[in-house]
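Peer 1: Have a look; sequence and predicted model below, questions after that.
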Amino acid sequence: MIVLAVIVGLLGGLGNYLFRKTIELIHWVVVEQSLELFDISLEDWSTQRILVMFLPAIGGLLVIPLWMLFAKDLKGGFAGFLVKVNLKGAKLPFRPLFTKGLASAITLGTGGSAGQEGPIAVIGGTIGSQFGKIFKMSGDRIKVLVACGAAAGVAATFNAPLAGVFFATEIVLLSSFEVASFTSIVIASGMATVVSRALLGNISEVVTPPYFMGSFWEIGLYVLLGLLIGALAAGFIDLHYRIKDRIDAIKIPRLSKPILGGLVVGMIGIGLPQVFGNGYEFIGSVLIGHHPWHLLALLVIAKMVATSITLGSGMPGGLFAPCLFLGAVAGGAYGHVMEFIFPAADLSAGAYALVGMGAFLAAATHAPMTAIFLLFEITDSYQVIVPIMLACVISTSIARHLKKDSLETVELSRLGIDLEAGKERNIMKGIAVGDVMSHRVETVPESMTLGNFAKFIEETHHTNFPLVDELGELTGIISVQDFMGVVFDRELMDLVVIKELATKDVITVHAEENLDTAMRKIGYRNIEQLPVVDRDTHRQLYGIISRRDMVSAYNRALMTRTLGDDDV
């Protein structure tokens with residue numbers, strides 16, 4: 001496993017290098033050549049600058065063929081990646097390594113407001129998964145290799161091996177890992193950093209000035225910053241999905257949405273070109289304190305909207321960099337306001353921008369350790385630890401209180417998926433009722449007499465029977481216990497119909513629901529079987545599922561994760 005961790009780390013670092021160079025190439029071809037051709041300056045205003053609105057739209061246009069040919073590869077985003085890793089054995093398909101990677105590079109290279117860390121983590125994770133499949137490893141061991149690849153990608157991006165480790169353990173593995181797994185992840189992260197430094201030098205995506213804290217009483221200001229950033233991050237999560245839902249609801253061809261989304265982002269960029277791309281270069285200038293508070297405050301709103309439109313319209317990308325950008329501009333604006341309120345104090349707006357970066361990232365992703373170690377590594381300063389720790393923990397607590405889900409898990413919660421549930425529940429949630437149910441159902445006509453029912457149950461081993469009417473639709477359910485609990489005269493056995501004894505309030509389940517939901521429904525009434533019905537009328541009977549069926553399916557899935565598909 002250690003040898004594979006080394007290989008995955010090296011390839012993850014190389015993958016990061018190639019991904020960055022692809023982004024740079026696309027940016028040079030589309031953006032830089034366009035600016036030079038039309039004599040456009042993003043620094044000084046001119047009428048030609050209106051043309052920049054078309055740059056992200058070009059990216060949307062270039063992404064459309066990928067959507068047409070490889071829609072399955074592009075769907076799901078980072079949330080889909082987390083589901084595959086934590087619920088489906090971490091066996092990732094190979095092709096999205098190139099298709100999704102190229103689509104993300106197009107988004108970023110043409111000015112789409114997104115980040116590269118999510119895509120590079122998926123690229124690294126996919127590399128790890130391929131090695132696991134080649135060596136026919138178990139699902140749990142493949143999951144570790146995926147985490148190694150994700151750690152490698154993030155570590156190489158920021159030249160921050162510890163941040164890569166905590167990204168993998170806290171976000172990808174959801175803080176569920178063993179010591180042996182941690183060792184492999186550390187090795188992969190370290191090797192990726194070595195590759196990155198060899199190819200790109202000892203630099204990070206975010207270059208920070210020296211950090212200093214003028215006075216101990218500033219701690220109170222950092223605590224307040226954490227509170228405000230936490231609320232702001234929760235607001236961004238809500239806004240992001242509101243905009244995404246609005247875009248989904250627009251009744252236009254799906255393939256035209258990336259172009260229109262890019263056009264809207266381009267219109268924002270006419271006045272505020274800082275929203276284009278990952279924004280790391282602008283973050284560097286914010287950390288130095290070069291920009292007025294009102295510009296930074298305006299960019300908070302503009303970047304939120306631009307990012308949500310970019311990703312919501314179907315242009316692939318990540319959310320890591322936008323979170324850092326939003327934290328920097330929000331923290332910088334806050335710092336300038338504090339400088340105005342306390343003019344005699346030796347405050348630095350750049351320092352608050354730096355802490356704001358970590359606080360916003362922690363709050364939006366619910367991953368404070370990742371944010372703390374990332375900021376520590378890119379600043380290389382022990383002085384930043386206390387303000388960062390306080391702001392990150394406080395902002396995360398506030399965001400969790402206001403919004404249960406992080407940026408990446410809101411979509412999963414809407415589907416009823418809880419990645420933080422126990423392993424057993426996650427396995428059950430990954431199995432659909434329709435994949436387990438029995439299609440051969442022994443039904444009983446509701447007009448059957450008790451006498452005939454008595455003969456019927458002697459010929460079957462079942463104890464519960466759905467009742468159906470003349471149209472074959474479900475009207476109730478009767479159990480052997482219902483029948484045995486009533487004593488009738490022999491003369492009445494052929495006069496009383498079982499409909500009069502049946503339970504009319506039937507608990508049912510749909511084929512699309514998962515076994516966790518079905519098991520909770522069974523436990524609610526302490527019954528052994530559930531009818532599987534259609535979602536619309538709840539009366540059309542499709543099949544039946546028993547407690548035994550669910551337990552057997554769970555055991556098979558557990559064996560698959562433990563031993564691998566080929567051994568089960």
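Peer 2: Perfect, I can see it now. Numbering: from 1, shown residues only.
Peer 1: Let's verify Val532: helix, strand, or coil?
Peer 2: Taking DSSP: H, G, I helix; E, B strand; the rest coil as the rule, one finds Val532 in the strand state.
Peer 1: Can you give the distance of the helix or strand harbouring Ala231 from its chain's centre?
Peer 2: Using DSSP states H and E, Ala231 sits in helix 218-249. The offset between the C-alpha centroid of helix 218-249 and the centroid of the whole chain comes to 17 Å, using Cα atoms, centre = their mean, to the nearest Å.
Peer 1: mind listing what's buried in it?
Peer 2: Applying a neighbour-count criterion of 16 or more other Cβ atoms under 10 Å, the buried positions in helix 218-249 are 218, 221-222, 225-234, 236-237, 240-241, 243-244, 247. Heads up, the C-betas are built off the backbone N, CA and C, glycines and all.
Peer 1: Then stretch 339-356?
Peer 2: By 16+ other Cβ under 10 Å, the buried positions in stretch 339-356 come out as Glu339, Leu347, Ser348, Ala349, Gly350, Ala351, Tyr352, Ala353, Leu354, Val355, Gly356.
Peer 1: so where do the strands sit in the stretch 401-550 of the chain?
Peer 2: Listed in chain order, the strands of the stretch 401-550 of the chain (DSSP state E, counting those that start in this stretch) span residues 444-445, 464-468, 474-479, 509-510, 529-533, 541-546.
Peer 1: Okay, now the unreliable bits of this protein?
Peer 2: Counting by pLDDT under 70, the chain contains low-confidence ranges at 175-180, 214, 419-424, 461, 482-492, 560-568.
Peer 1: Let me know the helix or strand that the residue sitting nearest the centre point of it is in.
Peer 2: Against the mean C-alpha coordinate of the chain, by Cα atoms, centre = their mean, the closest residue is Ala79 at 2.3 Å. In the assignment (DSSP H and E), Ala79 maps to helix 77-87.
Peer 1: after that helix comes which helix or strand?
Peer 2: Tracing the chain past helix 77-87, the next element assigned as helix or strand by DSSP H and E is helix 96-109.
Peer 1: Asn555: helix or strand, and which one exactly?
Peer 2: For Asn555, the element it lies in under DSSP H and E is helix 547-563.
Peer 1: List the contacts of that helix.
Peer 2: Residues lying outside helix 547-563 but in contact with it, judged by Cβ atoms under 8 Å, 6 or more residues apart in numbering, are 89, 138-140, 424, 427-428, 430-431, 435-438, 515, 518-519, 522, 528-529, 567-568.
Peer 1: what's the angle from it to helix 77-87?
Peer 2: 100 degrees (axes from the mean of the first three to the mean of the last three Cα atoms, to 10 degrees).
Peer 1: tell me the angle of helix 547-563 relative to strand 529-533?
Peer 2: 90 degrees.
Peer 1: Would you mind writing the CA trace of helix 547-563 as PDB?
Peer 2: Backbone C-alpha positions of helix 547-563 (Å, rounded to 0.1, in the frame of the first residue of the first chain) are rendered in PDB as follows:
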ATOM      1  CA  ARG A 547     -36.600  -7.600   6.100                       C
ATOM      2  CA  ARG A 548     -34.700 -10.700   5.100                       C
ATOM      3  CA  ASP A 549     -34.200  -9.400   1.500                       C
ATOM      4  CA  MET A 550     -32.700  -6.200   3.000                       C
ATOM      5  CA  VAL A 551     -30.400  -7.900   5.300                       C
ATOM      6  CA  SER A 552     -29.100 -10.200   2.500                       C
ATOM      7  CA  ALA A 553     -28.600  -7.200   0.200                       C
ATOM      8  CA  TYR A 554     -26.700  -5.400   3.000                       C
ATOM      9  CA  ASN A 555     -24.400  -8.400   3.600                       C
ATOM     10  CA  ARG A 556     -23.700  -8.700  -0.100                       C
ATOM     11  CA  ALA A 557     -22.800  -5.000  -0.400                       C
ATOM     12  CA  LEU A 558     -20.600  -5.200   2.700                       C
ATOM     13  CA  MET A 559     -18.800  -8.200   1.300                       C
ATOM     14  CA  THR A 560     -18.300  -6.300  -2.000                       C
ATOM     15  CA  ARG A 561     -16.700  -3.400  -0.200                       C
ATOM     16  CA  THR A 562     -14.500  -5.600   2.000                       C
ATOM     17  CA  LEU A 563     -13.400  -8.200  -0.500                       C
END
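Peer 1: Hey, what's the angle from it to strand 541-546? Just curious.
Peer 2: Using the same axes, to 10 degrees, helix 547-563 lies at 70 degrees relative to strand 541-546.
Peer 1: which SSE is the nearest residue to Ser104 once chain neighbours are set aside in?
Peer 2: For Ser104, ignoring the flanking residues on the chain, the nearest one in space by Cβ to Cβ, 6 or more residues apart in numbering is Pro119 at 3.8 Å. Under the criterion DSSP H and E, the helix or strand holding Pro119 is helix 117-134.
Peer 1: quick one, that helix and helix 96-109 angle?
Peer 2: Between the axis of helix 117-134 and that of helix 96-109 there is an angle of 170 degrees, by the same axes, to 10 degrees.
Peer 1: tell me which of the buried residues of stretch 339-356 is nearest to Asp494?
Peer 2: Using Cβ to Cβ, Gly356 is the member of the buried residues of stretch 339-356 that lies nearest Asp494, at 80.5 Å.
Peer 1: pretty sure the residue nearest to Ser104 contacts Leu102?
Peer 2: No: assessed by Cβ atoms under 8 Å, Pro119 is found out of contact with Leu102, at 9.9 Å.
Peer 1: Neighbour count: these two, which is higher?
Peer 2: Neighbours per residue, other Cβ atoms under 10 Å: of Pro119 and Leu102, the larger number sits with Pro119, 29 against 21.
Peer 1: Let's verify Ala306: helix, strand, or coil?
Peer 2: Going by three-state DSSP, the secondary structure assigned to Ala306 is helix.
Peer 1: What count of nearby residues applies to it?
Peer 2: When counting by other Cβ under 10 Å, one arrives at 29 neighbours for Ala306.
Peer 1: go on, Gln540?
Peer 2: Here the count is done by other Cβ under 10 Å, and Gln540 has 14 residues near it.
Peer 1: just Tyr524 next, same as before
Peer 2: Burial of Tyr524 is recorded as 9 neighbouring residues (other Cβ under 10 Å).
Peer 1: how close does Trp281 get to Val207?
Peer 2: Actually, residue 281 is Glu rather than Trp. Going from Glu281 to Val207 by Cβ to Cβ, to the nearest Å gives 9 Å.
Peer 1: so what does the helix holding Pro119 touch, helix or strand wise?
Peer 2: Helix 117-134 makes packing contacts with helix 2-27, helix 77-87, helix 96-109, helix 139-158, helix 320-341 when contacts are defined by 3 or more Cβ pairs under 8 Å, 6 or more residues apart in numbering; DSSP states H and E.
Peer 1: which one of those is the most hemmed in?
Peer 2: Among the helices and strands packed on helix 117-134, the stretch with the highest mean neighbour count (mean count of other Cβ atoms under 10 Å) is helix 139-158, at a mean of 30.
Peer 1: can you give me how far it is from the chain middle?
Peer 2: Averaging C-alpha coordinates over helix 139-158 and over its chain gives two centres that are 16 Å apart (Cα atoms, centre = their mean).
Peer 1: ok, residues contacting the helix or strand following it?
Peer 2: Tracing the chain C-terminally past helix 139-158 and defining elements by DSSP H and E, one meets helix 161-166 next. Contacts of helix 161-166 from elsewhere in the structure, counted by Cβ under 8 Å, 6+ apart, are 150-156, 158, 182, 185-186, 189-190, 192-193, 367, 369-370, 373-374, 376-377.
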